[in-house]
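A.B. asks: This is a predicted model, with the sequence first.
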Amino acid sequence: MSFFPGNDPKAGDAIACDAIETLIIPRSHDVGGFEVRRALPSARRRLVGPFIFFDRMGPALLRAGEAIDVRPHPHIGLSTVTYLFDGRIRHRDSLGTEMVIEPGDVNLMTAGRGIVHSERSPEEMRGAPMSLSGLQTWLALPDADEEIAPVFENTARGDLPDFDWDGASGRVVIGAFQGARSPVTTRSDTLYVDILLKPGARIDIPAETEERALYLLEGDVEIAGDVFAANQLLV
């Protein structure tokens, strides 16, 4: 899915926090009453690990008769990950896949040598108001995998491992975290975790990899004594 031309997000102010190298304030675009914030790529950070695009979709309430209608379009040489918090999207592709993406599911479309797909609000839901909120990220494929056969994989919410300890809860979307591993298979070794922190709770971000990023959906977070607000990408 590509909601708008990829104008560069802007870098934030100078950061005193040594733990944060780059703060990215996404560019916000209104797409027919539906807000999308794009954090990657930006002028100062083209990618984080294999993540080359990062879009925050909504949250939005579509009125009766309003809908998302992304017409058929091609992708090559990458994977897209769609992860919804609220709402539903009907996916169709040139492999013959047709399914409604549900909140909490992980939908991984690996384009490889080429795939065409569309994403639309389900027809049966268009007669009433509907909400939509989620993330869509694009992952670069390793050079050796750019020409592989395309594939679409859906992993249901119930198949993702959960964790809950000391005020921190959530699920592992991709990769391994705190001893739990997601069944989602990607061509690049990476980590994608959905975390909910209670007020005052804390969690350690694994430092095994050189590039790490945090996107706060709601509230604020303190890192090494500095407080950061929602809807910013911290790298």
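C.D. replies: That came in fine, so what should we check first? Worth saying up front: this structure is predicted, and the values here are computed from it rather than measured. Numbering: from 1, shown residues only.

A.B. asks: can you give me the end-to-end distance of stretch 141-159?
C.D. replies: 24 Å (C-alpha to C-alpha, to the nearest Å).

A.B. asks: brain fart, stretch 136-148
C.D. replies: 22 Å.

A.B. asks: And that stretch, what's buried?
C.D. replies: 136-141, 145 (16 or more other C-beta atoms under 10 Å). All C-beta atoms are positioned from the backbone trio N, CA, C, and that covers glycine.

A.B. asks: I'd like the residues you listed as TSV, with distance to residue 187, secondary structure and pLDDT appended.
C.D. replies: As requested, those are arranged in TSV below (distance: C-beta to C-beta, whole Å; DSSP: H, G, I helix; E, B strand; the rest coil; pLDDT from 0 to 100):
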residue	distance to residue 187	secondary structure	pLDDT
136	18	strand	96
137	14	strand	98
138	13	strand	97
139	8	strand	98
140	9	strand	97
141	5	coil	97
145	5	helix	96
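
A.B. asks: now the protein, which segments are flagged as low pLDDT?
C.D. replies: Low-confidence segments of the chain, defined by pLDDT under 70: 1-17, 31-33.

A.B. asks: Next up, the contacts around residue 233.
C.D. replies: 9, 23-24, 26, 39-40, 54, 213-215 (C-beta atoms under 8 Å, 6 or more residues apart in numbering).

A.B. asks: any idea how far it is from residue 212?
C.D. replies: Note on residue 233: its distance to residue 212, by C-beta to C-beta, to the nearest Å, is 11 Å.

A.B. asks: now swap in residue 74 and tell me
C.D. replies: In terms of C-beta to C-beta, residue 74 sits 31 Å off from residue 212.

A.B. asks: who has more neighbours, the two?
C.D. replies: Shown here are residue 74 and residue 212; by other C-beta atoms under 10 Å, residue 212 has more neighbours (16 against 10).

A.B. asks: For the contacts of residue 233, work out which two are farthest apart.
C.D. replies: 9 and 214 (15.3 Å; C-beta to C-beta).

A.B. asks: Tell me, how many residues neighbour the closest residue to residue 212 other than its chain neighbours?
C.D. replies: Of all residues not flanking residue 212 in the chain, residue 205 sits nearest, at 5.8 Å (C-beta to C-beta, 6 or more residues apart in numbering). Around residue 205 there are 14 other residues, counting by other C-beta under 10 Å.

A.B. asks: my guess is residue 205 meets residue 213, correct?
C.D. replies: No. If you go by C-beta atoms under 8 Å, residue 205 and residue 213 don't touch, sitting 9.4 Å apart.
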